[in-house]
Each structure stands twice: as C-alpha cells, then as structure tokens.
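In: Pasted the sequence and its predicted model underneath.
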Amino acid sequence: MELKTVLRFEKIKSYNNLNLSNAHVYRYLETPNANPKISNKKLLGSGNVVRDVKRKFEKNNITPRKNAVLCIEAVLSLSPNFFQSNINTKEFAINARKWLINEFGDNLVSAVLHLDERTPHIHAHIVPMTDDGRLSARELFNKRTLPDYQKSYLNKMKMIEPKLKYNQGSKAEHTKIKDYYSMINKEIENNKELKNNISRLENELEERDDKIFSMVNRAKKLEKSIKEQDNEMFKLKKVIEQLKDKIKELSNPTKPDNEIESEYEYQHLFPELNPNNFPDEINKRKDKKRNRLRR
C-alpha cells in the first residue's frame, strides 16, 4: 500500500468554534473511537487555545474584524501503515513539530499529538498573521500557498520515510472536519448539561491560566529583586575589602622610601642625646650656677 502524507487546514471564524476545537483537541468532550486510557502529548502551547489566540491578538494590538478568520486548525499525519512502532511515531512527532515551527514561527500557538485514536496525528492552531502585523488568512492560506505547504511537508517527512508521496485528495477531508464540529455544536446546543460542563471547564482553564500568569509575574519580580540584592552584596563586599586594606595599612605603618632617605640625610646635623648633652641636664646646671652667684 502507498504511503502518503496527510495535511489539512480548516478556517475558524468564531470563538465559539475555537472553543469547540479546543475542547476536542484537549479532550474536554467525549470523542468517538478515542481510547480514554491513552494520554495525548502537548507539543506546544499553554493547554488553552482560546487564551493563546487572544494573547497573540493582545500582544500585536489586533482587533479582528467581523467575520475574520481568527485561527487556522491544521491536522498532520501519515498513512496508518507508517505507524508500525513507537519509534516511527516519535520520529513523526519530532519532524512534524519542526516543520510547523519552521513554516509558521510565532504564529503557531498550539500543537497536540493525538495517540488515543487509531492513527497518530497532530492538531495545530495557527494565527494567520502577516509579517507586517495584519490578520489575513487569505494572504497566507490560498491556492498558491497551500500546494507549497503540502510539498514542503512531504519533503520534511521524506527524511524519515523516503517512500512517502503527496496526498492530493485532502480536500474532501476539509468537509469532514467542518461537519464534525457542526455536529458537536448542535449536540452541545441541545444538551444543557454538556453546555454547562463546557462552560465550567472554560472558566476553570481561565482561572488556572490567570494563576499561572500571576505566578510568572511574581517569579519575575523576585528574580529582579534577587539580582538587585546580588548587586548590593557585590558593592558591600568591595567596600569591606577596601576597609580591610585600610585597616591593614593603619596597623602596619611604613614610611615611604624618600622619607627614610631624607631622615638619614639630616641625621648628622642632630647629635645623639646623652647624659652630658641632654637639654634638661644642661638647664639644671645653669640654674645651680645662677643660684650660687646670687648668694
């Protein structure tokens, strides 16, 4: 059987659909044919696609216009026959992640490897932002660029399996993704309990993200404070070292060489004192002599 690449793109135009995609990717909704005992692997992102997309908009001062494409969901995989071992799956995940980052850079906000279904595959979410900061899915995902992505993806996957070919029949799969989310949306609208559960999960995710964001900010402030204290400690150590040197100089005074030479040079002009020429003794003799004369 031929081995082919699988690469599909789907436009997401509303936060409601983005919530559905997030719920499907992170398994907040029950998924048919998925094994709940098998864990999926997060390759990139915070775990909340909606929050990641909104933060991307805030960071770049983007206010999406009405009916704009907020995000592109991509599905990446290979023919089921490729995944014969865990090593093959690991190689696929590593190279697919590299391809996504290389093609979409900072526009890639989330990537999750699904292992709980029959064929391993990756769900990725891409904000279609141009290099000059505009939101434009039409410019980044069109009839010209889509074949280029397919060929580029094929070339990357050929590094792990040279027999792979380009799957040109991926257009039909777009309808499957769209119909799938449409079906989920109707089910949620008709199921009040399920709708409440999704709302509760979204609130929990937002609260968790807020806590993480707050903790990150606190950690940054602590890191800054520690750096400032380290600088102060360094300055204090320098002052202490200078004081130690000063104390050492004061406890062991030494005269400069020129002072020693000067002292030696003029030493012969001042005779050494002895009992015979000590000034006090001379004065005492003079006083005695004066006293005698007065008598």
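Out: Here it is on my side, so go on. Computed from a prediction, not measured in an experiment: that's the story for all the values here.
In: Return the distance of the closest residue in space to Asn40 that isn't next to it in sequence relative to Leu135.
Out: Of all residues beyond its chain neighbours, the one nearest Asn40 is His114 (5.1 Å), with distances taken as CB to CB, 6 or more residues apart in numbering. C-beta here means a position set from N, CA and C on the backbone, and glycine is covered the same way. Counting by CB to CB, to the nearest Å, the gap from His114 to Leu135 is 27 Å.
In: Also Val239?
Out: 56 Å.
In: So these two - more neighbours on which side?
Out: Set Val239 next to Leu135 and count neighbours by other CB atoms under 10 Å: Leu135 wins out with 21 against 9.
In: Am I right that that one is in contact with Ile72?
Out: No - in this structure Leu135 lies outside contact range of Ile72 using CB atoms under 8 Å: 11.1 Å.
In: what touches both of the two?
Out: 127-128 (CB atoms under 8 Å, 6 or more residues apart in numbering).
In: Low-confidence bits of the stretch 151-295 of the chain, can you list those?
Out: 167-214, 216-217, 253-295 (pLDDT under 70).
In: Show me the strands in this protein, by range?
Out: Assigned by DSSP state E, the chain shows strands spanning 5-12, 41-44, 71-78, 108-114, 121-126.
In: Mind listing the strands the second one pairs with, and their directions?
Out: Translated: strand 41-44. If you go by DSSP bridges, strand 41-44 pairs up with strand 108-114 (antiparallel).
In: And for Lys248, the neighbour number?
Out: There are 9 residues near Lys248, going by other CB under 10 Å.
In: now swap in the one 3 residues further on and tell me
Out: The burial metric for Ser251, expressed as a neighbour count using other CB under 10 Å, is 7.
In: That one and Pro120: what is the separation?
Out: Here Ser251 is placed at a distance of 77 Å from Pro120 (CB to CB).
In: Ser21 too?
Out: Distance from Ser21 to Pro120, by CB to CB: 19 Å.
In: ditto for Phe141
Out: 24 Å.
In: Between these two, tell me which one has more neighbours.
Out: Higher neighbour count among Phe141 and Pro120: Pro120, with 24 against 18, using other CB under 10 Å.
In: Can you verify my assumption that that one contacts Gln84?
Out: No - Pro120 is not in contact with Gln84 according to CB under 8 Å; the separation is 11.3 Å.
In: which residues touch Met157?
Out: 5, 78, 92, 95-96, 99, 164.
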